[in-house]
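>>> sequence first, then the predicted structure:
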Amino acid sequence: MNWNIDPMHSEVLFKVKHLVISTVTGNFKNYEGTITTKSENNFDDADVAFSLDVNSISTNQTDRDNHLKSPEFFDAEKFSKIKFTNGKLLKKDGDNYSLNGHLTIKETTQPVSLDVTLGGISKDSYGNTKAGFEINGKINRKDFGITWNTLTEAGGLTVSEDVKLDINIQVAKA
């Protein structure tokens, strides 16, 4: 059974500490993905794949967005997609799952594990079956070759190495 991300009812957010005193939040506006289940409405052992369009990154600051698209960060001209492949959704208990797979940013692929909560399964007003998920986790950007940084006067890093992921996805049964 195939399920496709419904971009009208989904969001892909990330959060990074700036100067160790505040958090900058950003998102990707364009993305796509699928979940393939082995049986209807059972997401245990489902296959997951998705990609993000790097050029759709937004932090509500044009200069910062352009810097993030530059070779110092994502190098969007050479690497236009962030990809999650070989994903496996495994039930832990109740509505809690782990999502394990391979995340590729630029030229680097690393295994990642994310926490997932199934919000539920429902039919919309048009009779389409939908499922909702909250996905959370943390990656270290240096693990993916994103190493740009500067030091503050006090010797601290301008941008944290840890990136928190906060993803809300609604999928529609194909």
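In hand now; what should we look at?
>>> show me where the chain has its strands.
2-5, 11-18, 22-28, 31-36, 46-53, 57-58, 81-93, 96-105, 108-123, 129-140, 159-173 (DSSP state E).
>>> buried stuff in the third one?
Read it as strand 22-28. Counting neighbours by 16 or more other C-beta atoms under 10 Å, one finds that the buried residues in strand 22-28 are 24, 26-28. Quick note: C-beta positions are derived from backbone N, CA and C, even for glycine.
>>> which elements pack onto it?
Packing partners of strand 22-28 (3 or more C-beta pairs under 8 Å, 6 or more residues apart in numbering; DSSP states H and E): strand 11-18, strand 57-58, helix 62-69.
>>> for the first one, buried residues please.
In terms of neighbour count (16+ other C-beta under 10 Å), strand 11-18 has its buried residues at 12, 14-17.
>>> for those, which one is nearest Lys88?
Val12 (19.6 Å; C-beta to C-beta).
>>> so who does that closest one touch?
For Val12, the contacting residues are 27-28, 31, 52, 165, 167, by C-beta atoms under 8 Å, 6 or more residues apart in numbering.
>>> list just the nearest of those residues to Thr85.
Checking these one by one against Thr85 (C-beta to C-beta), the nearest turns out to be Leu52, at 12.5 Å.
>>> coming back round to it: just send the buried residues of strand 11-18 back as a markdown table, with pLDDT and distance to Gly120 too.
Output for the buried residues of strand 11-18, formatted as a markdown table (pLDDT from 0 to 100; distance: C-beta to C-beta, whole Å):
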| residue | pLDDT | distance to Gly120 |
| --- | --- | --- |
| Val12 | 97 | 20 |
| Phe14 | 95 | 25 |
| Lys15 | 94 | 25 |
| Val16 | 90 | 30 |
| Lys17 | 79 | 32 |
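>>> for Tyr97, state which of those residues is nearest.
Nearest to Tyr97 among the buried residues of strand 11-18, counting by C-beta to C-beta, is Val12 at 17.7 Å.
>>> what bridges to the closest residue to that closest one other than its chain neighbours?
In this structure, Val12 finds its nearest non-sequential neighbour in Phe28, 4.6 Å apart by C-beta to C-beta, 6 or more residues apart in numbering. Beta bridges link Phe28 to Val12, Ile57 when assigned by DSSP bridges.
>>> ok now do the nearest residue to Glu134 once chain neighbours are set aside, which residues does it touch?
Distances taken as C-beta to C-beta, 6+ apart place Thr117 nearest to Glu134, at 4.7 Å, with adjacent residues excluded. Thr117 makes contacts with 95-97, 133-134, as judged by C-beta under 8 Å, 6+ apart.
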